[in-house]
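A.B. asks: Pasting the sequence and the predicted coordinates here, then a few questions.
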Amino acid sequence: MTALPERVRERRPLVHAMTNYVTMDWVARGLLAAGARPVMARDGSEAPLVAAAADALVLNLGTWGPDLQQAMLEAGQAAARGGIPVVLDPVGAGGIATRTRAALDLLERVKVTAVRGNAGEVLALAGEQGLVRGIDGPQEAQGLRLERAARAVARRFGCVVAVTGPVDLVTDGQRTLAVRAGHPLMAQIPGAGCLAAALVAAALAAGDGSAPVEAAAEALLWAGWAGEQAAADARGPGSFAAAYLDRLAGVELLPAGRVAPPLSERLSLYVLVSGTTPAEVVEAVLQAGCRMIQFREKHLPLAAQVEAARWVREACRRYGALFLVNDRVDLALAVGADGVHLGQDDMPVAAARRILGPEAIIGATCETAGEARAAEAAGADYIGAGPVYATPSKADAGAPYGPDVVRRVSEATCLPVVGIGGIGIGGAAPVIAAGAAGVAVISAVAGAADPGAAARAILEEVESAKRGGWT
């Protein structure tokens with residue numbers, strides 16, 4: 001459990017929100033409910049003075065105009081000179097070219113601490129086509145494309161980027177966190193996103209500046225958790241809004257387990273083990289940073305498979321890694337696995353989803369764009385594309401396709417893609433450059449003289465390629 005609400009109430013930060021006319025009252029009420037103190041000066045003659053005296057500043061482009069742009073610029077520069085966190089809410093970026101230019105101009109000329117936007121706005125800031133549908137309009141899932149865009153914006157401007165949606169993403173370009181909280185009724189409040197930006201500002205002001213990614217993620221968790229609680233009290237959008245403020249004020253501790261690295265980061269190094277893989281190899285790769293292990297066993301009796309899988313599952317839990325079972329949905333259920341990985345000849349993804357439920361992680365091996373689109377539509381969480389290179393670990397693997405198979409599949413789906421088949425040190429970077437979120441390996445690690453060192457080398461190659469390929 002996290003104590004951000006308590007920190008904000010103790011500090012009572014003065015949040016200068018240069019927000020839009022439509023949501024000004026809602027943002028002020030929300031900040032007061034959270035324990036912060038709002039001030040809403042927008043005029044250019046006083047905004048820089050107020051910003052310099054505040055604990056945080058929010059620049060919201062909702063009701064934009066040239067005069068407000070200049071006032072925001074001067075206020076932002078005044079805040080930055082005083083070391084005051086600045087949060088930019090680029091409302092309308094991607095929908096109107098003027099808004100996109102205005103947001104980029106502020107990012108270029110003001111030391112912005114954090115950007116809080118929806119998917120379309122962040123894609124637009126990254127130079128891609130956005131999907132803006134209104135001030136707080138819902139956005140279609142963008143998957144890895146959105147993560148890449150958010151990382152790129154964060155690295156370019158040296159700030160945190162918080163993307164709100166069905167699953168919120170927060171990144172500084174190196175580390176990324178996913179926040180799972182919220183309720184559909186939040187989309188019925190004009191200004192839910194504006195208030196989220198203001199809460200991010202309050203969280204940054206209440207912290208010591210050492211962990212802005214965590215602070216922003218906690219703020220979005222606070223906003224989403226209050227929404228979930230308020231939905232239980234509401235009869236519709238009107239009563240929900242009142243209940244939301246009450247719940248925002250009433251939250252003391254935030255729930256654990258709602259903030260974690262997204263699946264795409266856990267897939268960076270994905271190691272396959274069998275029932276006969278030595279325990280020291282499993283421990284070594286987990287110690288090296290592997291956060292996804294798949295249990296793949298074709299020969300041992302079922303009882304022995306259950307025993308071996310349970311041990312690997314427990315090892316994964318000690319290191320915070322995900323544990324999946326290859327092919328066998330029954331074995332996954334028996335040992336309490338986090339999910340399964342299915343081939344084209346295994347149980348259909350949709351059937352496995354019905355059996356395992358919505359929280360299970362399901363991967364699917366695909367060789368074509370059509371297979372990838374079908375797997376996504378059926379409920380898969382990630383795609384394994386290959387074989388990339390020739391592999392001795394799977395006797396029935398077809399001829400290798402090279403990294404192009406990853407490119408074809410990743411262009412066809414929003415899901416994260418893992419390159420599989422014959423990947424080792426030196427072969428991972430081309431797979432990442434082709435669009436993969438990570439690589440799956442067997443013999444390159446399990447057959448190495450030092451499995452831990454091999455795992456670290458591949459993981460470093462993957463992360464280096466991600467940084468170079470996503471700039």
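C.D. replies: Everything's here; your move.
A.B. asks: Touching the helix or strand harbouring residue 99 from outside, list them.
C.D. replies: Element membership for residue 99 (DSSP states H and E) is helix 97-109. Contact partners of helix 97-109, identified using CB atoms under 8 Å, 6 or more residues apart in numbering, comprise 59, 61, 64, 69, 72-73, 76-77, 88, 90-94, 112, 115, 121, 124-125, 157, 159. Placement of C-beta: from N, CA and C, glycine included.
A.B. asks: Now go through those residues and say which are in strands.
C.D. replies: Using DSSP state E, the subset of these located in strands is 59, 88, 115.
A.B. asks: Turn these into CSV, columns for distance to residue 200 and neighbour count.
C.D. replies: Formatted as CSV, those follow (distance: CB to CB, whole Å; neighbours: other CB atoms under 10 Å):
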residue, distance to residue 200, neighbour count
59, 12, 32
88, 10, 29
115, 9, 30
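A.B. asks: so which of these would you say is closest to residue 453?
C.D. replies: residue 115 (38.3 Å; CB to CB).
A.B. asks: For the closest one, give the beta-bridge partners.
C.D. replies: residue 88, residue 161 (DSSP bridges).
A.B. asks: on that earlier part again, okay, and which of the contacts of helix 97-109 map to helices?
C.D. replies: 69, 72-73, 76-77, 121, 124-125, 157 (DSSP state H).
A.B. asks: farthest pair in those?
C.D. replies: Within those, 77 and 124 form the most distant pair, 23.6 Å apart (CB to CB).
A.B. asks: of these two, who's got more company?
C.D. replies: residue 124 (27 against 18; other CB atoms under 10 Å).
A.B. asks: ok, that one to residue 435 distance?
C.D. replies: The spacing between residue 124 and residue 435, counted by CB to CB, to the nearest Å, is 21 Å.
A.B. asks: And residue 194, by the same measure?
C.D. replies: 34 Å.
A.B. asks: who's more crowded, those two?
C.D. replies: residue 194 (27 against 21).
A.B. asks: give the contact list for the more buried one.
C.D. replies: Taking CB under 8 Å, 6+ apart, one finds 19-20, 23, 26-27, 60, 62, 89, 91, 135-136 in contact with residue 194.
A.B. asks: which residues of this protein score low on pLDDT?
C.D. replies: By pLDDT under 70, the weakly predicted segments of the chain are 1-2, 129-142, 392-398, 469-471.
A.B. asks: how does it look with 50?
C.D. replies: 1, 132, 134-141, 469-471 (pLDDT under 50).
A.B. asks: Residue 216 touches residue 201, doesn't it?
C.D. replies: No: the criterion here is CB atoms under 8 Å, and residue 216 misses it with residue 201 at 9.5 Å.
A.B. asks: got any residues that touch both of the two?
C.D. replies: Common neighbours of residue 216 and residue 201 (CB under 8 Å, 6+ apart) are residue 114.
A.B. asks: how about the helices in the stretch 351-471 of the chain?
C.D. replies: Assigned by DSSP state H, counting those that start in this stretch, the helices in the stretch 351-471 of the chain fall at 369-378, 404-412, 428-433, 443-446, 451-469.
A.B. asks: out of those helices, nearest to residue 421?
C.D. replies: Among the helices of the stretch 351-471 of the chain, helix 404-412 comes nearest to residue 421, with 8.7 Å by CB to CB.
A.B. asks: and the end-to-end length of stretch 175-185?
C.D. replies: 30 Å (CA to CA, to the nearest Å).
A.B. asks: Same question for that stretch: list its buried residues.
C.D. replies: 176-179, 181-183, 185 (16 or more other CB atoms under 10 Å).
A.B. asks: Also stretch 293-305?
C.D. replies: 293-297, 305.
A.B. asks: In JSON lines, list these along with distance to residue 14 and secondary structure.
C.D. replies: Below are the buried residues of stretch 293-305 laid out as JSON lines (distance: CB to CB, whole Å; DSSP: H, G, I helix; E, B strand; the rest coil):
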{"residue": "293", "distance to residue 14": "48", "secondary structure": "strand"}
{"residue": "294", "distance to residue 14": "51", "secondary structure": "strand"}
{"residue": "295", "distance to residue 14": "54", "secondary structure": "strand"}
{"residue": "296", "distance to residue 14": "56", "secondary structure": "coil"}
{"residue": "297", "distance to residue 14": "60", "secondary structure": "coil"}
{"residue": "305", "distance to residue 14": "60", "secondary structure": "helix"}
